[in-house]
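J.: Model the following, please.
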Amino acid sequence: MNFIAYDPLLGAVKLTDVDAVGPGPLNLVAGTGAGRQSFSFETLRGYDPVLGGGEFVFAKASTAIAAGTVVQFNQSLSGGSIVNSAAAWAGTANTGEPLGVAVAQLALGQWGWFQVGGNAIATVSGAPVAGNPVYWQAAGVVSPAAVAGKQALGAKFATAPGVTLGTGSTAVTLSATQAVITLNRTTSQGAIT
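T.: The predicted model follows:
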C-alpha cells in the first residue's frame, strides 16, 4: 500500500521514502540535513485509498528493520537532543513501550516513517481473524495467541493473513505472514499491580 501525506512545511511526503541523513532544519548549502524540515518523532497524517487514514512518526532505525515489523520506540540523548529510535518489539513483559509498524525497510541508522494510528500491514504468525486482540509472538511479529504481559494495547486485528486488498490492477494480496492491524497510539501492556 502507498500512504501519502501532505504537510504545509514538508509538502507531499511519500511515507515509504528512506532518509539516510536524518532530521533537522534544511541546510543544503552546507550539505547537511535531510533536505527537508523534519524532526525526530514528528507526526504526520497520511492517506491510502484502501487502508484509509493513518498517523505516522519519524524515527531512526537502531537495527535493520523490514517493512511490517512491529517496533518499539526507545529514547536516547545525542548532542543534547532526544533521539527516538525504533527496534523490533522485543516483547519484554509489562513495560508499557510505545509501539508502531515500520512502513518501509530501513537499514541501521536510517530514518523513516512508522505508523502509530490507522490500519497498518504488519508481520504476523498464527491464524488471526478480524477483531482478535494483538500479542507479541517473536521479535517484531504479532499473533492472536495470548502471552501474559505482552498484549499490544490499542490494537486489534482488522483482517486475517493473506487477504486481498483493493480491486483490479491495483489489488495487493498479503502473504500468509501479513495481516492488517488497527492501531490507536498503541503501547505494550504495562505492569499489573
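J.: what's near enough to touch residue 72?
T.: Contacts for residue 72 were tallied using C-beta atoms under 8 Å, 6 or more residues apart in numbering; they are 86, 87, 88, 89, 90, 97, 98, 99, 188. C-beta here means a position set from N, CA and C on the backbone, and glycine is covered the same way.
J.: Just the buried residues of those residues.
T.: For the contacts of residue 72, a burial check counting by 16 or more other C-beta atoms under 10 Å picks out 86, 87, 88, 89, 90, 97, 98, 99, 188.
J.: For burial, what's the neighbour tally of residue 104?
T.: By the criterion of other C-beta atoms under 10 Å, residue 104 has 18 neighbours.
J.: Spatially central residue for this structure, please.
T.: Compute the mean C-alpha point of the chain, and by C-alpha atoms, centre = their mean the closest residue is residue 101, 2.2 Å away.
J.: ok, now how distant is the residue nearest to that one when sequence neighbours are not counted from residue 100?
T.: If the residues on either side of it in the chain are set aside, residue 101 comes closest to residue 120, at 4.1 Å by C-beta to C-beta, 6 or more residues apart in numbering. Residue 120 sits 8 Å away from residue 100 when distances are taken as C-beta to C-beta, to the nearest Å.
J.: OK, contacts around the nearest residue to residue 146 once chain neighbours are set aside?
T.: Of all residues not flanking residue 146 in the chain, residue 135 sits nearest, at 5.8 Å (C-beta to C-beta, 6+ apart). With contact set as C-beta under 8 Å, 6+ apart, residue 135 has these partners: 142, 143, 144, 145, 146, 147, 150, 151, 152.
J.: For residue 135, give the beta-bridge partners.
T.: Listed by DSSP bridges, the beta-bridge partners for residue 135 are residue 143, residue 151.
J.: Equivalent analysis for residue 99, please.
T.: With DSSP bridges as the criterion, residue 99 is bridged to residue 72.
J.: Is it in contact with residue 150, as I believe?
T.: No. Applying C-beta atoms under 8 Å, one finds residue 99 not in contact with residue 150, separated by 11.1 Å.
J.: how about residue 169, secondary structure?
T.: At residue 169 the chain is in helix, as set by DSSP: H, G, I helix; E, B strand; the rest coil.
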